[in-house]
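Undergrad: Sequence first, then the predicted structure:
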Amino acid sequence: MESPTIQAWLTRQCELIRGADRGVVVLATGEASPAARWPADLHSIADLASLANAALTERCARTEIHPPSDFAPLGYCLVAVPFSAGKRA
């Protein structure tokens, strides 16, 4: 279930991070769909969601560095950082 509050937060984060071209928020609720995505019409999130789930499972920041390719001549990096709000069960 997408959340307007989380969407606003993610949009602001992606605007502040120089070079960011997409983002996703995945909540640790067991739901498969993201709580927010940026840009809002982003459809391909499999790589981001996978890394986010790994960060949630391992409870630590995760990165994936991708070298230059035809798709991304300068290469790119994916970053996933788990954080919590409130108590954990």
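TA: Cool, got the structure.
Undergrad: Is Ala55 in a helix, a strand, or coil?
TA: Assigned state for Ala55: helix (three-state reduction, DSSP: H, G, I helix; E, B strand; the rest coil).
Undergrad: ok, so what distance separates it from Pro82?
TA: Per CB to CB, to the nearest Å, Ala55 is found 5 Å from Pro82. Where C-beta positions appear, they are placed from N, C-alpha and C, glycine not excepted.
Undergrad: Who has more neighbours out of those two?
TA: More neighbours surround Ala55 than the other of Ala55 and Pro82, with 20 against 17 (other CB atoms under 10 Å).
Undergrad: Enumerate every residue touching the more buried one.
TA: Applying CB atoms under 8 Å, 6 or more residues apart in numbering to Ala55 gives the contacts 61-62, 80-82.
Undergrad: May I have the predicted confidence score for it?
TA: On the pLDDT scale, Ala55 is placed at 88.
Undergrad: what separates it from Pro68, distance-wise?
TA: For Ala55 relative to Pro68 (CB to CB), the value is 25 Å.
Undergrad: residues near Pro34, how many?
TA: With other CB under 10 Å as criterion, Pro34 counts 23.
Undergrad: how near is it to Arg18?
TA: According to CB to CB, Pro34 stands 23 Å off from Arg18.
Undergrad: returning to what we had before: of the contacts of Ala55, closest to Val26?
TA: For the contacts of Ala55, the closest approach to Val26 (CB to CB) belongs to Ala80, at 8.5 Å.
Undergrad: No more questions from me, cheers.
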